[in-house]
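Novice: A structural model of the following input is requested.
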Amino acid sequence: MAEYRTIRMAFWNDPFVEELEAGEKLLYLYLFTCPHTNNLGVLEVSRRKIAFETGLDVATVNAGLEKLEKAGKIVTDAAFILLTRFIRHQTTTSPKIAHALKGMLAGVSSGKLRHALCLGYPSIFDAPASSGYPIDTVSIGYHNHTDTVSIPYRDHIDTVGIPPAEEEEEREEEDNSTLTTFECLSESAPLPDATASEPEEKNPRIDLDRPDPHTRPGEIPCPHKRIIEVYEAILPELPRVRVWRAQQASDLRARWREKLREGKFSDEESGVDYFRRFFGYVRRSEFLMGRRSGRDGRTFRNCLAWMVKAKNFDGIVDGKYHDQEVA
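Specialist: Alright, predicted model coming up:
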């Protein structure tokens with residue numbers, strides 16, 4: 001088992017974390033840094049022991065675990081707890097590690113947690129044939145279309161599987177890019193056409209009238225221009241895309257490939273419709289639309305370049321920026 005855990009600095013800027021009480025933040029950190037948590041993100045520990053090791057009282061521990069479970073951060077079954085995002089953020093996806101995780105799964109005695117792991121990471125574990133523990137989802141309607149985005153709601157499980165190595169490389173590139181998570185945070189922040197410190201040749205402009213040159217053989221090309229047009233039509237209050245650059249195109253292309261691989265759509269038309277519903281869902285968030293300020297009093301300034309970053313996109317789909325999902 002690893003002797004350390006990774007906590008990104010962006011953890012403290014997460015709107016969900018910002019809304020937690022001090023004791024709840026401590027509890028959340030404890031769950032993925034304590035020595036009881038294995039590489040699956042599973043721990044077996046009593047509420048009394050958690051209280052002893054954190055200094056919190058048992059009532060606070062119980063209330064905090066219930067809040068985290070309602071937000072989809074954990075799944076509980078008696079003394080067993082599963083951190084639904086642990087594998088994604090704390091392990092790698094190498095064949096050796098994946099093989100080890102499969103072996104560990106057999107040792108999880110809770111059927112509920114095994115089921116959640118299989119659903120959450122289908123590219124690692126074999127998904128169960130039938131569901132004994134249904135996942136609640138909320139359909140997002142847009143005009144007369146029926147939604148298949150399946151935005152998780154309340155007791156949802158993260159169902160985004162870990163991508164193959166090539167997609168993992170794309171995410172690493174995004175994490176190392178110079179477009180910061182909160183570049184669109186305030187009205188004083190520049191529009192994210194390109195970062196001031198990044199040379200033009202390293203992040204060149206993309207000609208939206210030309211086919212995506214990075215399309216793989218047999219792959220449905222990402223229709224950047226059409227998605228941008230849908231974004232501007234549904235969210236006219238947000239900054240328009242004045243220039244689309246290589247890094248932003250790479251981020252959007254990665255999201256397109258992920259959702260195509262997950263079966264959210266099967267062709268260009270249904271793919272554009274998926275993003276239409278996605279932007280419609282964004283519109284329902286007071287925070288993402290700048291209609292509600294954060295705890296620091298600042299108004300969030302959303303934009304397309306921010307939304308298509310891997311962590312931000314997943315956060316939106318998981319409902320973490322919508323009041324009803326994180327309440």
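Novice: in which helix or strand would I find Ser290?
Specialist: Let me fix one detail, which is that residue 290 is Gly and not Ser. Using DSSP states H and E, Gly290 sits within no helix or strand.
Novice: now Gly72
Specialist: Using DSSP H and E, no helix or strand contains Gly72.
Novice: what count of nearby residues applies to it?
Specialist: Residues lying near Gly72 (other C-beta atoms under 10 Å) number 24. Glycine gets a C-beta too; all of them are placed from N, C-alpha and C.
Novice: measure stretch 71-83 end to end?
Specialist: Stretch 71-83 has an end-to-end distance of 11 Å (C-alpha to C-alpha, to the nearest Å).
Novice: meant to ask about stretch 231-249, not that
Specialist: Using C-alpha to C-alpha, the two ends of stretch 231-249 sit 14 Å apart.
Novice: so for that stretch, mean pLDDT?
Specialist: Mean pLDDT, computed over stretch 231-249, is 93.
Novice: for stretch 204-219, buried residues please.
Specialist: 206, 208, 212 (16 or more other C-beta atoms under 10 Å).
Novice: please tell me the pLDDT value assigned to Gly120.
Specialist: 86.
Novice: scratch that, Asp193
Specialist: According to the prediction, Asp193 has pLDDT 40.
Novice: which helix or strand contains Val230?
Specialist: helix 224-234.
Novice: check contacts around Leu117.
Specialist: Counting by C-beta atoms under 8 Å, 6 or more residues apart in numbering, Leu117 touches 40, 42, 82, 87, 105, 108, 125.
Novice: so what's the fifth one up against?
Specialist: The contact partners of Leu105, taken as C-beta under 8 Å, 6+ apart, are 40, 114, 117-118, 125.
Novice: most neighbours, which of those residues?
Specialist: Busiest of the contacts of Leu105 [other C-beta under 10 Å] is Leu117, holding 27 neighbours.
Novice: buried set for the strand or helix carrying that one?
Specialist: Per DSSP H and E, Leu117 falls inside helix 111-120. Along helix 111-120, these residues count as buried under the neighbour rule (16+ other C-beta under 10 Å): 112-120.
Novice: cool, and stretch 41-52?
Specialist: 41-45, 47, 50-51.
Novice: list of residues touching that stretch?
Specialist: 27, 30-32, 34, 36-37, 56-58, 60-62, 65, 79-87, 90, 108, 110, 113, 117.
Novice: from one end of stretch 87-94 to the other, what's the distance?
Specialist: One end of stretch 87-94 sits 12 Å from the other (C-alpha to C-alpha).
Novice: let me see the mean pLDDT of stretch 99-109.
Specialist: 89.
Novice: what about that stretch, distance to the chain center?
Specialist: Centre-to-centre, stretch 99-109 and its host chain are 24 Å apart (C-alpha atoms, centre = their mean, to the nearest Å).
Novice: does Val241 touch Met307 like I think?
Specialist: No. Taking contacts as C-beta atoms under 8 Å, Val241 lies outside contact range of Met307: 11.5 Å.
Novice: buried residues, stretch 260-273. List them.
Specialist: Within stretch 260-273, the residues scored as buried using 16+ other C-beta under 10 Å are 260, 264-265, 271-273.
Novice: where does the prediction get shaky in the protein?
Specialist: 1-3, 92-93, 127-201, 294, 323-327 (pLDDT under 70).
Novice: the helices in it, which residues?
Specialist: Along the chain, counting by DSSP state H, helices occupy 15-18, 22-33, 47-54, 58-70, 86-90, 95-105, 111-120, 165-175, 224-234, 246-261, 268-283, 304-307, 310-317, 323-326.
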